[in-house]
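>>> Sequence first, predicted model second:
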Protein chains: 2
Amino acid sequence: MTKPEPNLAAEIDPVRKRILDAAVVQFSDRGYEGASTRAIAQVAGAAMSSITYQFGGKHGLYLATADHIGDQIAGFMHPRLDAARTAVRNGTLPHVEAVLMILGGMAEMMLDDRSQKWAGFIVREQQEPGEAFDRLYEQVMEPMAELMIELIGVARPDLSGKRLRAIAMSLVGQVIALRAARAAMLRILDIEKLDAAERNLLREALQANVRAVLEMKG
Amino acid sequence: MTKPEPNLAAEIDPVRKRILDAAVVQFSDRGYEGASTRAIAQVAGAAMSSITYQFGGKHGLYLATADHIGDQIAGFMHPRLDAARTAVRNGTLPHVEAVLMILGGMAEMMLDDRSQKWAGFIVREQQEPGEAFDRLYEQVMEPMAELMIELIGVARPDLSGKRLRAIAMSLVGQVIALRAARAAMLRILDIEKLDAAERNLLREALQANVRAVLEMKG
DNA sequence: GTCTATACTACGATAGAC
DNA sequence: GTCTATCGTAGTATAGAC
């Protein structure tokens, strides 16, 4: 051990990561213009100028934040996509069940408290998409959407092309709304906060609706 | 005609309304903190201090903007809700068709270019709801949701209570996502911009899915 | 009721010490 | 690589003329 002992705290949670974690929350809550690099640096316990050094400025930090969010979503979803794809190709999982597995995983994420951190970032980018949206779409949304479309196309051979894609969008929309319309959802369910019972209810409703659509007589 | 002729342009489009129209776009695009009263006043062709005079400050303007958006949505949706309610009570419209009429009206609004102006405002409020969300919910979302729940409850007598509400939320979610996840939707459909053909496709997909759920054997 | 002018605070970026 | 100090700009609010 001739090398000097590194600062452990910094090693485990380096400035770059602390800044990104703070940026996710600030950009999500206040938007690009509303979030301040001062506040982000302060929450991260770093100097404002570290943002310039690490990311080249506010805009660079914003793009890096999109990638950071994408990493978190991909870390959860990609294993599930791979499992569904593999099981279907092995013939051990019916196509409808694979769709339910993917949408169920997505719903689990949308219903989890941890997705609140980044939800604001994504819904803002959906309204006025820029380079940050491109990165998020390619990293996490596209692989999910294309697999879903493939599976639904087998379950519903009466559909193809844009009709198939429109049906897929509609089904995924039910899951997206669990986050994007969270406040309205809570009011409709007449609750203050989601607990396990309501999470199950929403997952069951989603499952029932998706089955009704996919097992429908074309 | 002894009274002095009023300024016609100001009468038709008074400062207050011009400020509100500008505020909808600015708050929608940049969020509360990101939108500046300077920019709003400039777009409205008014002095910044008119905002203080008319609305008491930035926060007051924000709340008035929520009401202004609510007025526009209510102007479109309330006649449709009334028509659906009346026709169902007269027995001239089946419950399932009434649900489709309401969701179809909502989809028409979400797919119309004009709803882009205020969509950002609402999705932001959904993520971090405040007084502005309360006003929007009570003015336009609640009447729509409660009528939908009543109608779905008749079409699907096997459902009640929170199960019924969860199914209703899931169905409405398909429509909400047409705006809230607009950028992803365009990518999934592989288009740059919605035209009449895709609007119809999305409306048909919605209709088919809702029918599959409501006409399902409980 | 609407304007101009101004006070005060907070923003992003950067220079330079360590 | 991270810090402190500082520059120029843009934010909200308000006072006071008309």
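Alright, I've got the coordinates.
>>> Toward the C-terminus from whichever strand or helix holds A:R18, list the very next helix or strand.
Assigning secondary structure by DSSP states H and E places A:R18 in helix A:15-34. Using DSSP H and E, the helix or strand that follows helix A:15-34 in sequence is helix A:37-44.
>>> what's in contact with that following helix?
A:15, A:18-19, A:21-23, A:25-26, A:47-48, A:50-51, A:58, A:61 (C-beta atoms under 8 Å, 6 or more residues apart in numbering or on different chains). C-beta coordinates here come from the backbone N, C-alpha and C atoms, glycine included.
>>> Pull the most distant pair out of the residues you listed.
In the contacts of helix A:37-44, the most distant members under the criterion C-beta to C-beta are A:V25 and A:A47, with 18.8 Å between them.
>>> which residues sit in contact with the most centrally placed residue in chain A?
The residue lying closest to the centre of chain A (C-alpha atoms, centre = their mean) is A:I73, at 4.7 Å. Neighbour list for A:I73: A:109, A:118, A:136, A:139-140 [criterion: C-beta under 8 Å, 6+ apart].
>>> Just give the nearest non-adjacent residue to A:R211, would you?
Nearest non-adjacent residue to A:R211, counting by C-beta to C-beta, 6 or more residues apart in numbering or on different chains: A:V96, 6.9 Å away.
>>> Please verify my assumption that the one you found contacts A:V213.
No: using C-beta atoms under 8 Å, A:V96 is not in contact with A:V213; the gap is 9.7 Å.
>>> picking up where we left off before, so which of A:V25 and A:A47 has more stuff around it?
Neighbours were counted for A:V25 and for A:A47 using other C-beta atoms under 10 Å in any protein chain shown; A:V25 has more, 19 against 12.
>>> for chain A, what helix or strand is lowest in average pLDDT?
helix A:8-12 (a mean of 47; mean pLDDT, DSSP states H and E).
>>> Spell out which residues of chain A are next to DNA strand D.
Within chain A, the residues that sit near DNA strand D (C-beta under 7 Å from any atom of the strand) are A:10, A:14-16, A:45-50, A:53-54.
>>> Go again with 6 Å.
A:14-15, A:46-50, A:53-54 (C-beta under 6 Å from any atom of the strand).
>>> sec struct for A:T92, please.
coil (DSSP: H, G, I helix; E, B strand; the rest coil).
>>> pLDDT score for it?
Note on A:T92: pLDDT of 98.
>>> ok, now the one 10 residues further on?
Taken from the predicted model, the pLDDT recorded for A:I102 is 98.
>>> Now flag whichever of the contacts of A:I73 is closest to B:K162.
Closest approach between these and B:K162, by C-beta to C-beta: A:M109, at 21.9 Å.
>>> residues contacting that closest one?
Going by C-beta under 8 Å, 6+ apart, A:M109 touches A:73, A:76-77, A:115.
>>> so where is chain A shaky, pLDDT-wise?
A:1-13, A:217-218 (pLDDT under 70).
>>> Quickly check: the helix holding A:R18 near chain B or not.
Yes: using C-beta under 8 Å from any C-beta of the partner chain, helix A:15-34 reaches chain B at A:28-34.
>>> List the buried residues for that helix?
In terms of neighbour count (16 or more other C-beta atoms under 10 Å in any protein chain shown), helix A:15-34 has its buried residues at A:15-16, A:18-32, A:34.
>>> ditto for stretch A:150-164
Neighbour-count burial for stretch A:150-164 flags A:150-153, A:155-156, A:159, A:162, A:164 (criterion: 16+ other C-beta under 10 Å).
>>> Can you name the two of the residues of helix A:15-34 next to chain B that sit furthest apart?
Across the residues of helix A:15-34 next to chain B (C-beta to C-beta), the longest gap, 13.5 Å, separates A:S28 and A:E33.
>>> The helix or strand harbouring the residue nearest to the centre of chain A versus helix A:15-34: what angle between them?
Taking DSSP H and E as the definition, A:I73 sits inside helix A:58-90. With axes from the mean of the first three to the mean of the last three C-alpha atoms, to 10 degrees defining the directions, helix A:58-90 sits at 110 degrees from helix A:15-34.
>>> centre of the chain versus helix A:58-90, how much separation?
8 Å (C-alpha atoms, centre = their mean, to the nearest Å).
>>> ok, and for stretch A:49-59, which residues are buried?
Residues of stretch A:49-59 classed as buried: A:50-51, A:54-55, A:58 (neighbour count, 16+ other C-beta under 10 Å).
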